[in-house]
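Undergrad: Mind looking at a prediction? Sequence and model below.
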Amino acid sequence: MNTSEIKTAPIRKKSEPLLLNRELSLLKFNERVLAMAEHPDTPLLEKLRYVCIVSSNLDEFFEIRVSSLKAQQAQEPNLKGPDGLTAAEAFEQVQLVVHEMVTKQYSVLNDHIYPLLKAEGVILHHASEWDEAQSAWAHEVFMRDVMPLLTPIGLDPAHPFPRVYNKSLNFIVPLSGEDAFGRKSTIAIVQAPRALPRLMKMPPAISGVPNGFILLTSLLRAFVGELFPGMEMQGCYQWRVTRNSDLFVDEEEVTNLRQALQGELSQRNFGMAVRLEIDQLTPPHIEAFLQKEFSLTREDTYRVNGPANLMRLMQLCTLVKRPDLLFPEFRGPVPAPFDALANRPSAIFEAIAKADRLLHHPYQSFQPVIDFLTAAAFDPDVVAIKQTIYRTGEDSELMRLLLVAAKAGKEVTVVVELMARFDEQTNINWASKLEEVGAHVIYGVVGHKTHAKMALVLRREKGRIRRYGHLGTGNYHPRTASLYTDFGLLTAEPKLCEDMDKVFSQLTGLGARRSLKYLLQSPFTLHESVVAMIRAEARAARAGKKSRIMAKMNSLLEPTVIQELYKASQAGVKIDLIIRGVCALRAGVPGLSENITVRSIIGRFLEHSRVFYFYDNGQESVYLSSADWMDRNFFRRVELAFPVLDKALKKRVIDEAFTYALKDNRLAWLQQPDGDYAKLRSRRQAFNLHQKLMNLLGNHN
């Protein structure tokens, strides 16, 4: 390996905190995503997609994480976090990093992606560049489709500043002159209705290229003066405000969680302002006016050289019909034996009864999971279905199958997590539909989000009830199953399925903690079991025995687990961590963590699976899980980790989750002791994890 780009690890100073800052680590993840937009191997429209993804990630970062930092500053200004920083110190560093990132983001878009798109006949026509025909067409579109929906508000004592939705597109228009009533308003606000498309295609004959588009922003800048006849417009500047979107529902005080949550959702769009985005040409006095209106500072304000909401450009990835500018189409195949089952409901149960079946999405199709629940819904021998739902989407075939099963008279129990962030309304809607057809709908446990992914089918066979289960690391969401990497296990192993039934009983009823044979469960046994397994590897290493830890997840933050990993490293345990996003652990620090490596894989698919490996004196314990190693997952959620018991499947998981990932030299980034990440380079033959697994498990269609 060529490690010329990897820093030499300095000896850690005693005053240096053992943990890295959560928010700064999350921003470094987004820097790695943005780097994909510049990578020469990334297809052109995919480059644009990565820029848009960063924009969406930053929106949520401000809505949740920055909002939290601001609240901490107000409530506990002197409290230091595990990283040794107060909220104010963390906030200051965060703002510096985000300002640099936003500048880089728009630079990549304007200086790199737009010119390449133009060379391919894909152009965003800006008003300053329109010819006569384009201007006439744009004016017609504005007058016919846009202007009738606009409601300009001239600010005066009778027209105070309007309520502004979270992340909505707005324009501020300085004016001079008198209107029909003799009013001398100097500023007007124009809010862009959500019904208006943000991106419109220009006819090729007028555009001059096959794929010419204009932004709503360009239309308004060019023709907003039509809204103010007889007055002189002195500019038109887009702006957008981001608000605190973290819901607060006191679950212990409410009697109806769904009703309380619905009331809170209506206020989400009007939370405290945390970020102001403005056109880069906005005059200083207009900037100051908006900052005062929303109680924001210069540090909270971001001048942008392009659309304020870059997610609007994501539409180009589907509107431009150029497959050559996208990743080659890939659909994971339906693996054996599910690809050859007879067209009868009982066939899938027979296949699962013979052996556990492992699925690795998106390299293998999500269809067997749908087929499993389809069989459960239509098989007359199935008497009950139990399932957890965290995220499933507005248009969900799986949810429709549960509705069908309930209508057919089967006992359907669904644990719906109403507090799944930004999916609250979707889940409320599905809960209502399920209740209408007689399903038992449970909202989980007060104070603990139900994040576990499991479905259990009870089937009458030869006069007895047999259980069939599905356990997964990802959501029951077919669309994300084609984009996120996740493992799923279909099993009829009696003790494993019995454990699942016990967990469902805990969620739906009352009673003492149940003893589980195989499953590890938060908030009860998962944390203590993970700590115990880490300590066991450390003891083995101290005794001169072989030891090894590998873990793959989205985030690593929980301090006790990190401390135990440090101790295991000091004992001589080789530890490889594959952490896609936030990681508070410092890897490779002499005397602390020199035996730990942290890799982040950023590529075509979003790494989402959680897998834990412990050598365990040669037993090689392998767990798949819904849980990252974070405080919330260990202590404030209902999570599961389930063992892979079949030896052949265990080998598959080890290879597909770890062996190939540790060989990757195209998508991998290696964490440095200071928390920075270096792109892994190698003179060896190129090895791309995602391509390897597509070739191994999938096929191109």
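TA: Noted; the coordinates are in hand. The shown structure was predicted, so the numbers you read here are calculated from the model rather than taken from an experiment.
Undergrad: drop to CA atoms for contacts and neighbour counts, all remaining ones
TA: Noted.
Undergrad: pLDDT weak spots in the stretch 101-250 of the chain?
TA: 156-159, 178-185, 247-250 (pLDDT under 70).
Undergrad: which residues of it fall in helices?
TA: Assigned by DSSP state H, counting those that start in this stretch, the stretch 101-250 of the chain shows helices spanning 114-119, 132-141, 204-207, 216-223.
Undergrad: now swap in the stretch 401-550 of the chain and tell me
TA: Assigned by DSSP H, counting those that start in this stretch, the helices in the stretch 401-550 of the chain fall at 424-436, 494-508, 526-542.
Undergrad: what's the closest of the ones you listed to residue 644?
TA: helix 494-508 (10.5 Å; C-alpha to C-alpha).
Undergrad: Which secondary structure elements does the closest one sit against?
TA: strand 453-461, strand 464-472 (3 or more C-alpha pairs under 8 Å, 6 or more residues apart in numbering; DSSP states H and E).
Undergrad: Could you list the domains of the protein?
TA: 338-518, 521-697 (automatic domain parsing).
Undergrad: can you redo these as CSV with mean neighbour count?
TA: Below are the domains of the chain laid out as CSV (neighbours: other C-alpha atoms under 10 Å):
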stretch, mean neighbour count
domain 338-518, 19
domain 521-697, 20
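Undergrad: okay, the ones you listed in CSV with mean pLDDT and distance to residue 60 next?
TA: CSV is the format used below for the domains of the chain (pLDDT from 0 to 100; distance: least, C-alpha to C-alpha, whole Å):
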stretch, mean pLDDT, distance to residue 60
domain 338-518, 89, 10
domain 521-697, 96, 14
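Undergrad: With distance to residue 282 added, can I get those domains in a markdown table?
TA: Converted to a markdown table, these look like this (distance: least, C-alpha to C-alpha, whole Å):
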| stretch | distance to residue 282 |
| --- | --- |
| domain 338-518 | 32 |
| domain 521-697 | 34 |
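Undergrad: ok, back up a step: now, of the helices of the stretch 101-250 of the chain, which is deepest in the fold?
TA: helix 216-223 (a mean of 20; mean count of other C-alpha atoms under 10 Å).
Undergrad: Which elements pack onto that helix?
TA: When contacts are defined as 3+ C-alpha pairs under 8 Å, 6+ apart, helix 216-223 packs onto helix 132-141.
Undergrad: orientation of the helix it packs on relative to helix 216-223 in degrees?
TA: Orientation check (axes from the mean of the first three to the mean of the last three C-alpha atoms, to 10 degrees): helix 132-141 against helix 216-223 gives 100 degrees.
Undergrad: where does the residue nearest to residue 553 when sequence neighbours are not counted fall, phi/psi-wise?
TA: Nearest residue to residue 553, sequence neighbours excluded (C-alpha to C-alpha, 6 or more residues apart in numbering): residue 610, at 4.4 Å. With angles defined as degrees, to the nearest 10, residue 610 sits at phi -120, psi 120.
Undergrad: Residue 26 reaches residue 579, doesn't it?
TA: No - with contact defined as C-alpha atoms under 8 Å, residue 26 does not reach residue 579; the gap is 11.3 Å.
Undergrad: quick one, which of the helices and strands packed on helix 494-508 is nearest to residue 119?
TA: strand 464-472 (43.9 Å).
Undergrad: What strands line up against that closest one, and which way round?
TA: strand 453-461 (antiparallel), strand 484-491 (antiparallel) (DSSP bridges).
Undergrad: Which of the helices of the stretch 101-250 of the chain sits closest to residue 550?
TA: helix 114-119 (41.0 Å).
Undergrad: how far is that closest one from where the chain is centred?
TA: Distance of helix 114-119 from the chain centroid (C-alpha atoms, centre = their mean, to the nearest Å) equals 29 Å.
Undergrad: Only C-alpha atoms, please: export that helix in PDB.
TA: Only the C-alpha atoms of helix 114-119 are listed here, as PDB (Å, rounded to 0.1, in the frame of the first residue of the first chain):
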ATOM      1  CA  TYR A 114     -21.900  22.700 -15.400                       C
ATOM      2  CA  PRO A 115     -19.200  23.000 -18.100                       C
ATOM      3  CA  LEU A 116     -19.200  19.200 -18.500                       C
ATOM      4  CA  LEU A 117     -23.000  19.100 -18.700                       C
ATOM      5  CA  LYS A 118     -23.000  21.900 -21.300                       C
ATOM      6  CA  ALA A 119     -20.500  19.900 -23.400                       C
END
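Undergrad: tell me what the host helix or strand of residue 564 is packed against?
TA: If you go by DSSP states H and E, residue 564 is part of helix 559-571. If you count contacts as 3+ C-alpha pairs under 8 Å, 6+ apart, helix 559-571 packs onto helix 526-542.
Undergrad: report the angle between the axes of the helix it packs on and helix 559-571?
TA: 10 degrees.
Undergrad: before we move on, the earlier item: which residues touch the helix holding residue 564?
TA: Residues from elsewhere that reach helix 559-571 (C-alpha atoms under 8 Å, 6 or more residues apart in numbering): 19, 82, 530-531, 534-535, 537-539, 541-542, 556, 575, 585, 591-596, 629.
Undergrad: residues in contact with stretch 143-161?
TA: The contact list for stretch 143-161, computed with C-alpha under 8 Å, 6+ apart, reads 162, 185-193, 196, 227.
Undergrad: Please pick the buried ones from the residues you listed.
TA: 185-192, 227 (16 or more other C-alpha atoms under 10 Å).
Undergrad: Now intersect those with the strands, please.
TA: Members of the buried ones among the contacts of stretch 143-161 lying in strands (criterion: DSSP state E): 187-191.
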